[in-house]
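Chemist: Quick check, what structure comes out for this input:
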Amino acid sequence: ALAKTGDPEVWHRIVATLLGLNSIAIIVLKPGIVEITGFVLIAVTALLGMATLYVLSGKAPSFIQGLHDILAYLTLLNYLLIVSGAGLSLGEYLLVTIPLHSFLLTIFMGGFTTGKRGFKTPIGHFVYPKSASQWVWIVHGVSVLLFTLTLAYYMPAYNVAFLILLVEIGIGLLSYQAVNANAARPGFLIPLHQFLSVMIFVSIFYAWHIHLPLLG
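Modeler: Alright, predicted model coming up:
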């Protein structure tokens, strides 16, 4: 019944359940270390996903939200490795793909920011940070800067990711304004912000690049 109302949390749980069942089917059809890793990641991510509800209500540590987000991206990465037939384990791939290190830090701090402000609570406008959520938001900004510099260093191999990131930064600033204007219902900017993060991640994995002046 709740699914029919379009409740995003209900649909999130439905999709997560389907992914869990799919991971079991993959293990049955093709058992292997990467496939088992995927199932474990989904299970742990699901557990932390339930914990994030306590985070948003202020009953659990804020960093749990960040850990949940990192695990979600690692799960996606694990199955991209399976689909692509890269022949690498999750750990091996992470060791050789340097831009993902600062990307995952940014994702962690983004989730930490969401967890720190909680549900229906704005971050607030400030010149100098005064609250814990404002300090976390500042550190999130530093992590974004680090990620931007990392992609710039590895230009032109990841220039599509770099271009999407520039748009993402703009959407992130607009999301900050939207959260402060209406923390309970910040609108479409939040899912758009998350969608662009996924696109950056996928573009790094496939090393999408186009020939552009100055960007290679």
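
Chemist: Tell me how far stretch 141-157 lies from the chain's centre.
Modeler: Relative to its parent chain, stretch 141-157 has a centroid offset of 16 Å by CA atoms, centre = their mean, to the nearest Å.

Chemist: right, and Ser89 touches Thr37 too?
Modeler: Yes. At 7.2 Å, Ser89 and Thr37 qualify as touching, with contact defined as CB atoms under 8 Å. Every C-beta, even on glycine, is put in place using the N, C-alpha and C of the backbone.

Chemist: Comparing the two, which residue is more hemmed in?
Modeler: Taking other CB atoms under 10 Å, Ser89 and Thr37 do not tie; Thr37 has more neighbours (20 against 15).

Chemist: pLDDT below threshold where in this structure?
Modeler: Residue ranges of the chain with pLDDT under 70: 1-12, 214-216.

Chemist: which residue ranges form the helices in it?
Modeler: Using DSSP state H, the helices of the chain run over residues 8-29, 33-56, 63-84, 90-96, 99-117, 132-153, 159-181, 189-205.

Chemist: Phe126: which of those helices is closest?
Modeler: Of all the helices of the chain, helix 132-153 sits nearest to Phe126, with 5.3 Å by CB to CB.

Chemist: what's near enough to touch Ile107?
Modeler: By CB atoms under 8 Å, 6 or more residues apart in numbering, the residues touching Ile107 are 66, 69-70, 73, 197.

Chemist: what do you get for Val40?
Modeler: Applying CB under 8 Å, 6+ apart, no residues qualify as near Val40.

Chemist: what separates it from Thr97, distance-wise?
Modeler: For Val40, the distance to Thr97 (CB to CB, to the nearest Å) stands at 21 Å.

Chemist: And for Pro122?
Modeler: Distance, Pro122 to Thr97, by CB to CB: 36 Å.

Chemist: again with Phe162
Modeler: Relative to Thr97, and taking CB to CB, Phe162 is found at 15 Å.
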